[in-house]
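In: Using only what follows, build the 3D model:
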Amino acid sequence: MSQPWTVVVPVKRLTAAKTRLRGGLPGVPHEELALALAADTLAAVGACSPLVRIRVVTDDPRVSALARLAGAQVLPDAPDAGLNAAFRHGATGAAGWVAGLTADLPALRPAELAAALAEARKTPAGVRSFVSDAPGSGTVLLAAPPGVPLDPRFGPDSATAHTASGARALAGDWPSLRRDVDTAEDLLAAARLGLGPRTAALAAGCLTR
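Out: Model prediction:
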């Protein structure tokens, strides 16, 4: 990749993050699990390419500390108005290519993220692109070329919303990128792909594969 990317990763306060996953690992504090998901996601992004800059949008002090250790720039969630507002805030002022990435990808492989970013560059000039999640209704990655607003539409049926907004779906075979984790069943599916070290350490002995 010849031009740098800014990858924006919003992370909620851990007390409010991943509520549908609560209790997904019996005996593991929920905040520790939410932090592990973010840690493994950020580690994979950081290993993707030297031409990737990470911006983490969060108001959680533990996430902020983790992000700085991962080499990310940390921005407070000044809008405090939900996920899409956090993505827009994180993308503000970014030069070059910008991508919004969810923070719940504990099986993410850097090579798959790099391949998706490279594929995004092949879209026609001025066109945004996105990667849907494994079920196909959600979105894990939204990319915008230089000078084009990210214009995120994350939320229920976001794949349809992003398509309606003019973004193109990328069709690559990137199972670890598409495997976001909202439920215990999702976490089990991610474990089959191979969890990152932080999540794997918490999940050891808790998941039946």
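In: and residue 94, what is it in contact with?
Out: Contact analysis of residue 94 by C-beta atoms under 8 Å, 6 or more residues apart in numbering lists 6, 8, 55. Quick note: C-beta positions are derived from backbone N, CA and C, even for glycine.
In: what sits against residue 151?
Out: Contacts of residue 151 by C-beta under 8 Å, 6+ apart are 128, 144, 165, 167.
In: ok, then the element right after the longest helix anywhere in the chain?
Out: When the chain is scanned for its longest helix (criterion: DSSP state H), the result is helix 30-46. Downstream of helix 30-46, the next assigned helix or strand under DSSP states H and E is strand 52-57.
In: distance between stretch 108-119 and the chain's centre?
Out: 12 Å (C-alpha atoms, centre = their mean, to the nearest Å).
In: And the longest helix of the chain, what does it pack against?
Out: In this structure, helix 30-46 packs against strand 5-10, strand 52-57, helix 61-69, helix 110-120, helix 197-203, with contacts taken as 3 or more C-beta pairs under 8 Å, 6 or more residues apart in numbering; DSSP states H and E.
In: Take these and lay them out in JSON lines including distance to residue 149, mean neighbour count and mean pLDDT.
Out: Shown next, in JSON lines, are those (distance: least, C-beta to C-beta, whole Å; neighbours: other C-beta atoms under 10 Å; pLDDT from 0 to 100):
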{"stretch": "strand 5-10", "distance to residue 149": "12", "mean neighbour count": "26", "mean pLDDT": "98"}
{"stretch": "strand 52-57", "distance to residue 149": "15", "mean neighbour count": "24", "mean pLDDT": "96"}
{"stretch": "helix 61-69", "distance to residue 149": "24", "mean neighbour count": "17", "mean pLDDT": "97"}
{"stretch": "helix 110-120", "distance to residue 149": "15", "mean neighbour count": "20", "mean pLDDT": "97"}
{"stretch": "helix 197-203", "distance to residue 149": "33", "mean neighbour count": "19", "mean pLDDT": "97"}
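In: does residue 160 count as helix, strand or coil?
Out: Under DSSP: H, G, I helix; E, B strand; the rest coil, residue 160 falls in the helix class.
In: Extract the C-alpha set from the longest helix of the chain and format it as PDB.
Out: Taking C-alpha atoms only, helix 30-46 is exported to PDB below (Å, rounded to 0.1, in the frame of the first residue of the first chain):
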ATOM      1  CA  HIS A  30     -17.400  -8.800  31.400                       C
ATOM      2  CA  GLU A  31     -15.100  -5.800  31.300                       C
ATOM      3  CA  GLU A  32     -12.100  -8.000  31.000                       C
ATOM      4  CA  LEU A  33     -13.600  -9.800  28.000                       C
ATOM      5  CA  ALA A  34     -14.600  -6.500  26.300                       C
ATOM      6  CA  LEU A  35     -11.100  -5.200  26.900                       C
ATOM      7  CA  ALA A  36      -9.500  -8.400  25.500                       C
ATOM      8  CA  LEU A  37     -11.600  -8.100  22.300                       C
ATOM      9  CA  ALA A  38     -10.400  -4.600  21.700                       C
ATOM     10  CA  ALA A  39      -6.800  -5.500  22.600                       C
ATOM     11  CA  ASP A  40      -6.600  -8.300  20.000                       C
ATOM     12  CA  THR A  41      -8.300  -6.100  17.400                       C
ATOM     13  CA  LEU A  42      -5.800  -3.300  17.900                       C
ATOM     14  CA  ALA A  43      -2.900  -5.600  17.900                       C
ATOM     15  CA  ALA A  44      -3.900  -7.000  14.500                       C
ATOM     16  CA  VAL A  45      -4.400  -3.600  13.100                       C
ATOM     17  CA  GLY A  46      -1.000  -2.500  14.400                       C
END
